[in-house]
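*Asks:* After the sequence you'll find the predicted model.
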Amino acid sequence: MFTNIDTFLPYILGGLSTTVQAFLFGAVLAYSIALVMGLARTSRLAIVRGFATVFVELFRGTSLLVQMFFFAYAFPSLMPFTVSAFVAGGLALGLNYGAYASEVVRGAVLAVPKGQTEAAISLNMSKFQTMRRVILPQAVRLMLPGLGNNAIELLKGTSLVYFISLADMTFNANILRSSNTSLSAQVEIYTYLLLTYFVLALPLVFLTRWLEKRASKGVSTV
Amino acid sequence: MTWDWAFAFEIFPRILEGVWITIGATVAAYAISLTLGLVLTLLRRSSFKPLSLLVAGIIEFIRVTPPLVQLFFVYFAFDMGPFLTGAIVLGVHYSTYVSEVYRSGINSVPKSQWEASKALNFSKAQTWKKVVLPQAIPPVIPMLGNYLIVLFKETPLLMGIYVMEMMMIARSIGAESYRFLEPITIVGFIFLVLSYPCALFIRYLERKSGQLPGSAEKGVKA
């Protein structure tokens, strides 16, 4: 057992760049959506709030894998242009985790004490100034740990692109498994795969811990 | 391609058959995560340092690696059949999240409660059963409920190991008919219809739990 590391591990790592690219695509999209939708959910305009709520509930209420299949197989048939599997996978990851992360943003913005907004109003700040100079700087500190956890979840979620035939690490591992059918080889393949994901996640885990520590530093708890 | 109502009505009953597998897997996995989650929490609090560190490490590893890969690992390493494998793997995966929830509940029980139990000469088991858990669990019930919904939406992953749940059926319908739009949309619709009311109910519990006599007392203390 565990004697084929020289052949198995490089083959699995052949999918590393796809995994990382899907992660980055998803993360950029997810955090952009999280910021826009999270703020839209706190808007005073009912129509903006309503649109954001429908968006968030739709993407949280249906499953990530369902969304990925939709973007990969159903969405292209509705559109006049083709959608590559990578774009479909990235879209599903970004929209789904963006919807979850927008809740983190919303929670953080709402957690900033009301007195801060009142103070900004009394200083004659515009709505935009209040958000940019008073609310957001305080909210960002509160949302960072949550967004770090979202990144870990997103990394795990990238393994689902295997289902839409993107050659990520999970996909490569399954190809290896289909040509190495002995029990020990199969256990070996998935052990390497799990360990690789774990190593990839570790920096995110430490980053999140650090952010959690930072978030509570030097802040009065009243 | 446009939406075909006749086709949608034709395949709807077929997809609906899979909903029972989906619900069955969700309930089985949830039962496992609620039980194992508590066990993990208690082990992690062990005063025997190597044990608590080991448990913390295992929790971290399971939590940050993709459940899909864990499914493949267990499916090919142990010969348990797809449904049982799916329920166990999802159950164990989310027990690590659930244990965090229990932990936060237990940490919110004031230290004086432990001291009072000691003063009353309660045994360790009595303290847990009669004093700590009855105060630790109720406030976290909404959070525990959240993971039921999360688990429900994770079940499409089980198609990776050939469990005949809704998404698996939808994909085979798509492969037969070359129409993915209707089956995938129907699955998404069923997920939304089942999970959204549950989510609303849990949010209602969350709002209400702020007014429970127990948590109000804690509010005074804090």
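*Replies:* In hand now; what should we look at?
*Asks:* Could you pull out the helices in chain B for me?
*Replies:* Remark: helices assigned in chain B by DSSP state H are B:5-44, B:49-64, B:67-77, B:82-107, B:111-119, B:124-126, B:133-154, B:166-177, B:181-209, B:213-221.
*Asks:* what about chain A, any weak spots by pLDDT?
*Replies:* Filtered on pLDDT under 70, chain A yields the residue ranges A:218-222.
*Asks:* same thing but at 90, please
*Replies:* A:1-7, A:43-44, A:61, A:74-83, A:127-128, A:140-142, A:144-145, A:180-184, A:211-222 (pLDDT under 90).
*Asks:* At which residues are the helices of chain A located?
*Replies:* Ranges of helices in chain A, per DSSP H, are A:5-13, A:16-40, A:46-61, A:64-69, A:75-78, A:85-111, A:114-122, A:127-129, A:136-157, A:169-179, A:183-215.
*Asks:* which one of these is the most hemmed in?
*Replies:* helix A:64-69 (a mean of 26; mean count of other C-beta atoms under 10 Å in any protein chain shown). Just so you know, the C-beta spots here come from the backbone N, C-alpha and C atoms, and that holds for glycine as well.
*Asks:* if I pick residue A:164, what's in contact with it?
*Replies:* Applying C-beta atoms under 8 Å, 6 or more residues apart in numbering or on different chains to residue A:164 gives the contacts A:68-69, A:72-73, A:85, A:88-89.
*Asks:* Next to chain A, which bits of chain B? Give me the list.
*Replies:* Chain B comes close to chain A at residues B:1, B:60-61, B:64-70, B:72-73, B:76-77, B:153-157, B:159-160, B:167, B:170-171, B:174, B:180-181, B:184-185, B:187-189, B:191-192, B:195-196, B:199, as judged by C-beta under 8 Å from any C-beta of the partner chain.
*Asks:* For residue B:120, see how far away residue B:71 is.
*Replies:* Note on residue B:71: its distance to residue B:120, by C-beta to C-beta, to the nearest Å, is 47 Å.
*Asks:* My error: substitute residue A:95 in the last question.
*Replies:* 54 Å.
*Asks:* ditto for residue B:75
*Replies:* 50 Å.
*Asks:* likewise residue B:143?
*Replies:* 30 Å.
*Asks:* likewise residue B:127?
*Replies:* Relative to residue B:120, and taking C-beta to C-beta, residue B:127 is found at 9 Å.
*Asks:* what about chain B, any weak spots by pLDDT?
*Replies:* For chain B (pLDDT under 90), the answer is B:1-4, B:46-47, B:79, B:124, B:137-139, B:142, B:178, B:203-222.
*Asks:* need the contact list for the residue nearest the centre of chain B.
*Replies:* When chain B is reduced to its mean C-alpha position, the nearest residue by C-alpha atoms, centre = their mean turns out to be residue B:147, at 3.8 Å. The contact partners of residue B:147, by C-beta under 8 Å, 6+ apart, come to B:30, B:33, B:94, B:97-98, B:101.
*Asks:* How about residue B:21?
*Replies:* Neighbours of residue B:21 in contact, by C-beta under 8 Å, 6+ apart: B:83, B:163-166.
*Asks:* Just flag the most distant two among the residues you listed.
*Replies:* B:83 and B:166 (14.0 Å; C-beta to C-beta).
*Asks:* Please identify which of those two sits among more neighbours.
*Replies:* Shown here are residue B:83 and residue B:166; by other C-beta atoms under 10 Å in any protein chain shown, residue B:166 has more neighbours (30 against 18).
*Asks:* Leaving out the residues flanking it, which one is nearest to the more buried one?
*Replies:* residue B:18 (3.9 Å; C-beta to C-beta, 6 or more residues apart in numbering or on different chains).
*Asks:* Next, count neighbours for the one you found.
*Replies:* Neighbours of residue B:18 using other C-beta under 10 Å come to 21.
*Asks:* Now do the same contact list for the closest residue to residue A:58 other than its chain neighbours.
*Replies:* Distance criterion C-beta to C-beta, 6+ apart; nearest residue to residue A:58, sequence neighbours excluded, is residue B:192 at 7.2 Å. Going by C-beta under 8 Å, 6+ apart, residue B:192 touches A:58, A:61-62.
*Asks:* would you list the residues you listed in JSON lines and tack on distance to residue A:44?
*Replies:* Formatted as JSON lines, the contacts of residue B:192 follow (distance: C-beta to C-beta, whole Å):
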{"residue": "A:58", "distance to residue A:44": "23"}
{"residue": "A:61", "distance to residue A:44": "25"}
{"residue": "A:62", "distance to residue A:44": "29"}
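*Asks:* So for residue A:68, what's the nearest residue that isn't a sequence neighbour?
*Replies:* Looking at residue A:68 with C-beta to C-beta, 6+ apart, the closest residue is residue A:92, at 3.9 Å.
*Asks:* Would you agree the one you found is in contact with residue A:67?
*Replies:* Yes. Using C-beta atoms under 8 Å, residue A:92 makes contact with residue A:67 at a distance of 4.4 Å.
*Asks:* rewinding a little: need the buried ones from the residues of chain B next to chain A selected in PyMOL.
*Replies:* Buried members of the residues of chain B next to chain A, defined by 16 or more other C-beta atoms under 10 Å in any protein chain shown, are picked up in PyMOL with:
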select buried, chain B and resi 61+64+65+66+67+68+69+70+72+73+76+153+154+155+156+157+159+160+167+170+171+174+180+181+184+185+187+188+189+191+192+195+196+199
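*Asks:* follow-up on the earlier one: can you pick out the residue with more neighbours from residue B:75 and residue B:120?
*Replies:* Neighbour comparison, residue B:75 and residue B:120: the larger count goes to residue B:75, with 23 against 11 (by other C-beta under 10 Å).
*Asks:* Surely residue A:191 and residue A:2 touch.
*Replies:* Yes. Using C-beta under 8 Å, residue A:191 is in contact with residue A:2, at 7.5 Å.
*Asks:* what sits against residue A:74?
*Replies:* Here residue A:74 is in contact with B:180-181, B:184-185 (criterion: C-beta under 8 Å, 6+ apart).
*Asks:* got it, and residue B:19?
*Replies:* B:166, B:190, B:194.
*Asks:* closest to residue A:21 among these?
*Replies:* residue B:166 (29.6 Å).
*Asks:* Correct me if wrong: that closest one contacts residue B:15.
*Replies:* Yes. Using C-beta under 8 Å, residue B:166 is in contact with residue B:15, at 5.5 Å.
*Asks:* Need the overlap of contacts for these two.
*Replies:* B:187, B:190.
*Asks:* ok, residue B:174 to residue A:59 distance?
*Replies:* Per C-beta to C-beta, residue B:174 is found 21 Å from residue A:59.
*Asks:* I'd like the helices of chain B as TSV, with distance to residue A:163 appended.
*Replies:* Shown next, in TSV, are those (distance: least, C-beta to C-beta, whole Å):
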stretch	distance to residue A:163
helix B:5-44	16
helix B:49-64	21
helix B:67-77	9
helix B:82-107	15
helix B:111-119	48
helix B:124-126	46
helix B:133-154	14
helix B:166-177	9
helix B:181-209	12
helix B:213-221	42
